[in-house]
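Q: got a sequence here, can you build the structure:
(one chain, ligands or ions: 1)
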Amino acid sequence: MNKKSFCIANWKMNKSLNESTDFLCQLADKDLSVSQSKIVICPPIIFLDAMMSHNKNHDISFGSQDVSMFKKGSYTGEISIDMLENMGCKWVIIGHSERRQMFFETDDTIGKKMQLLQNSSLNPILCIGESLDEKINGLTSEILEKQINSVFSSIDFKTSKDILIAYEPIWAIGTGVAASINIIKENMKLIKKIINNIDTNNCNIYLLYGGSVNKNNASEIFNLNNVNGFLIGSASLDIESFYNIYKQI
Ligand code: PGA
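A: Predicted coordinates for the structure are as follows:
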């Protein structure tokens, strides 16, 4: 399949330092020429520097699982965009549903992060997706529209960059059961339509799917028109299952 693609591992709060670097060594030993997909590993932030120093393989890049909405200053525990840039990090996830739900991040917060990101060298991976309640109540399109529009409304990118939008239905995350092909297809079409109506400042927007992606469903989902890859949680923790997905996209 000849489309640009991304295979992104979101390790969340898993793995020790040794396990993280071991994974990297094992991945670097694999034949990465089997796919043209771009590999991005998002380890726990505290291991990012060690992982990057350890990495000798240009096919593998790294991302942060989050970033502060503040530029600098007295914000205990926060990590800034400048700090990530300093380390040579290239990607950052913003708006993951776990941040939205458990750490009360709003569309406004995520919009502020995107505003800071626009003048940085980092590429955003924006997560969007509806909850089960919202799905049941027929609010999916409204929610997706709000999540996208609020983030892009006050953006003016000076330089073109890759922006990944990961559609992750919350009800499919970590459940072992991905959304059906039809639902993914419909909602990707919807997201594409929303994006076509906003000014994305000549940025390259790619859509990813996330939510219980595994080696058994990857190929079928990836074959959908608007899907340019995956944001993978659980299945990215095991080297064989991650590589298996990578091989298929
Ligand atoms: P999952 O997580 O693959 O374990 O469902 C995806 C995510 O949260 O990004």
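Q: give me the three-state assignment for Y206.
A: State at Y206, reduced to three classes by DSSP: H, G, I helix; E, B strand; the rest coil: strand.
Q: surely V40 is in a helix?
A: No - applying three-state DSSP, one finds V40 to be strand, outside a helix.
Q: for it, give me the pLDDT.
A: pLDDT, V40: 98.
Q: ok, now which ones touch it?
A: Residues near V40 by CB atoms under 8 Å, 6 or more residues apart in numbering: F6, C7, I8, A9, I60, S61, F62, G63, K90, W91, I125. Quick note: C-beta positions are derived from backbone N, CA and C, even for glycine.
Q: also I39?
A: C7, I8, A9, L27, L32, D59, I60, S61, Y246.
Q: report the contact partners of whichever residue of the chain sits closest to the ligand.
A: Of all residues in the chain, G233 sits closest to the ligand, at 2.2 Å by CB to the nearest ligand atom. By CB under 8 Å, 6+ apart, the contact set of G233 is N10, K12, I173, G174, G210.
Q: okay, now the second one: neighbour count?
A: Residues near K12, counting by other CB atoms under 10 Å, number 17.
Q: separation between it and D59?
A: 23 Å (CB to CB, to the nearest Å).
Q: the ligand contacts on the chain?
A: When proximity is defined as CB under 6 Å from any ligand atom, the chain approaches the ligand at 10, 168, 173-174, 210-213, 231-235.
Q: okay, the residues you listed in JSON lines with pLDDT and secondary structure next?
A: Formatted as JSON lines, these follow (pLDDT from 0 to 100; DSSP: H, G, I helix; E, B strand; the rest coil):
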{"residue": "N10", "pLDDT": "98", "secondary structure": "strand"}
{"residue": "E168", "pLDDT": "98", "secondary structure": "coil"}
{"residue": "I173", "pLDDT": "97", "secondary structure": "coil"}
{"residue": "G174", "pLDDT": "95", "secondary structure": "coil"}
{"residue": "G210", "pLDDT": "98", "secondary structure": "strand"}
{"residue": "G211", "pLDDT": "98", "secondary structure": "coil"}
{"residue": "S212", "pLDDT": "98", "secondary structure": "coil"}
{"residue": "V213", "pLDDT": "98", "secondary structure": "coil"}
{"residue": "L231", "pLDDT": "98", "secondary structure": "strand"}
{"residue": "I232", "pLDDT": "98", "secondary structure": "strand"}
{"residue": "G233", "pLDDT": "98", "secondary structure": "coil"}
{"residue": "S234", "pLDDT": "98", "secondary structure": "helix"}
{"residue": "A235", "pLDDT": "98", "secondary structure": "helix"}
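Q: just give me the closest of those residues to N202.
A: L231 (23.7 Å; CB to CB).
Q: quick check, the closest one in contact with L126.
A: No - using CB atoms under 8 Å, L231 makes no contact with L126, being 10.4 Å away.
Q: give me the more crowded residue out of those two.
A: L231 (27 against 24).
Q: how about the helices in this protein?
A: 17-29, 48-54, 81-87, 97-102, 107-117, 132-136, 140-152, 181-196, 218-222, 239-247 (DSSP state H).
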